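*Asks:* the sequence and its predicted three-dimensional model are supplied below.
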Amino acid sequence: MVVEVRIPAVFRKHVGGERAIESQGGTIKDVLDKMGATYPQLREELFGDAGDLHRFVNVYLNDEDVRFLEGLDTKVDEGDVVSILPAVAGGTEARKV
Amino acid sequence: MKLTIPKSIYEQMIDHCRAGLPNEACGFLAGRAGAVERFIPLENAAASPVYYRPDDKQMIAAMREIDDGDLELSAIFHSHVASAPRPSVTDIREAHYPDSVYLIVSLVDLSNPEPRGWLIRKEDWRDESGEVEEVDLVLS
């Protein structure tokens, strides 16, 4: 399956400035592995030493967070869009009473 | 560094923050070269007075809108409903966009919301601590 992978601005330096690249595979893991083989610096940014996605990296299949699907084993279809985004979150820390 | 925000967009942002009460509100400001051109409100999926996390679908659509418009993610804004507009430990830990201003609107005084902007830079984007630098906010 050929899919589009959307690259966030913060990582575009690793893919020649492209906003999106093509990758292939039957699962999210395949797609990211294939992409990582072509762009090893990007792979280093996304994965921890144990080979797991870093906890601050969110990967979406179309607009669903793959953590709420089948994680890296989530199957992809031809033409799907995979988006990689560093987490956006924050807020006032909870006060201790 | 400074971030220039059109007054109309500033007012939309403040209205969005007030409308989100009692919870924190959030959204993006998009633009070019330090000048904001577009207001993108996002729903706080965490629905919490002490935490924000944008709705995934809205956030992905917003990132696409920014790319398609040849814009930059100028600022990620959120409100602090009961504290000063300074980055909290949580804000710093969860900041992973070194080129975007983290704009915080304090709603402590509802009649006079206080916005302040910050760059949060880390040696590695995955680090949980970093350097904080204030950005001048200029209304145009």
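*Replies:* Arrived safely, thanks for sending. Residues are numbered from 1 along each chain as shown, chains lettered A, B, ... in the order given.
*Asks:* what residue is smack in the middle of chain B?
*Replies:* Note on chain B: the residue nearest the mean C-alpha position is B:Phe77, at 1.2 Å, using Cα atoms, centre = their mean.
*Asks:* show me the contacts for that one.
*Replies:* By Cβ atoms under 8 Å, 6 or more residues apart in numbering or on different chains, the contact list for B:Phe77 reads B:Met13, B:Cys17, B:Cys26, B:Gly27, B:Phe28, B:Leu29, B:Tyr102, B:Leu103, B:Ile104, B:Val105, B:Pro115. Bear in mind the C-beta positions are built from the backbone N, C-alpha and C, glycine included.
*Asks:* neighbours of the fourth one, how many?
*Replies:* Under the neighbour criterion other Cβ atoms under 10 Å in any protein chain shown, B:Gly27 is assigned a count of 26.
*Asks:* and it, how far is that from chain A?
*Replies:* Distance, B:Gly27 to chain A, using Cβ to the nearest Cβ, to the nearest Å: 10 Å.
*Asks:* picking that back up, now the contacts of B:Phe77 as CSV including secondary structure and distance to A:Gly71?
*Replies:* As requested, the contacts of B:Phe77 are exported to CSV (DSSP: H, G, I helix; E, B strand; the rest coil; distance: Cβ to Cβ, whole Å):
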residue, secondary structure, distance to A:Gly71
B:Met13, helix, 35
B:Cys17, helix, 34
B:Cys26, strand, 26
B:Gly27, strand, 29
B:Phe28, strand, 27
B:Leu29, strand, 33
B:Tyr102, strand, 29
B:Leu103, strand, 33
B:Ile104, strand, 33
B:Val105, strand, 35
B:Pro115, strand, 38
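*Asks:* for those residues, which one is nearest A:Met35?
*Replies:* The closest of these to A:Met35 turns out to be B:Phe28 (Cβ to Cβ; 25.6 Å).
*Asks:* ok, that closest one - contacts?
*Replies:* With contacts defined as Cβ under 8 Å, 6+ apart, B:Phe28 is in contact with B:Ile40, B:Leu42, B:Ala62, B:Ile66, B:Leu73, B:Ser74, B:Ala75, B:Ile76, B:Phe77.
*Asks:* in chain A, which spans are helices?
*Replies:* For chain A, the helices defined by DSSP state H occupy A:28-38, A:40-46.
*Asks:* least reliable of the ones you listed going by mean pLDDT?
*Replies:* Among the helices of chain A, helix A:40-46 carries the lowest mean pLDDT, at a mean of 92.
*Asks:* dump that one to PDB, restricted to CA.
*Replies:* C-alpha atoms of helix A:40-46 as PDB (Å, rounded to 0.1, in the frame of the first residue of the first chain):
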ATOM      1  CA  PRO A  40      17.400   7.700   9.300                       C
ATOM      2  CA  GLN A  41      17.600  11.000  11.200                       C
ATOM      3  CA  LEU A  42      13.800  11.200  11.300                       C
ATOM      4  CA  ARG A  43      13.700   7.700  12.600                       C
ATOM      5  CA  GLU A  44      16.000   8.700  15.400                       C
ATOM      6  CA  GLU A  45      13.700  11.600  16.400                       C
ATOM      7  CA  LEU A  46      10.600   9.400  16.500                       C
END
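*Asks:* the closest residue to B:Ala46 other than its chain neighbours: neighbouring residues, count only.
*Replies:* With sequence-adjacent residues excluded and distances taken as Cβ to Cβ, 6 or more residues apart in numbering or on different chains, B:Ala46 is closest to B:Arg53, at 4.4 Å. Neighbour count of B:Arg53, defined by other Cβ under 10 Å: 22.
*Asks:* hang on, B:Arg53 packs against A:Asn58?
*Replies:* No. Counting by Cβ atoms under 8 Å, B:Arg53 does not reach A:Asn58; the two are 10.2 Å apart.
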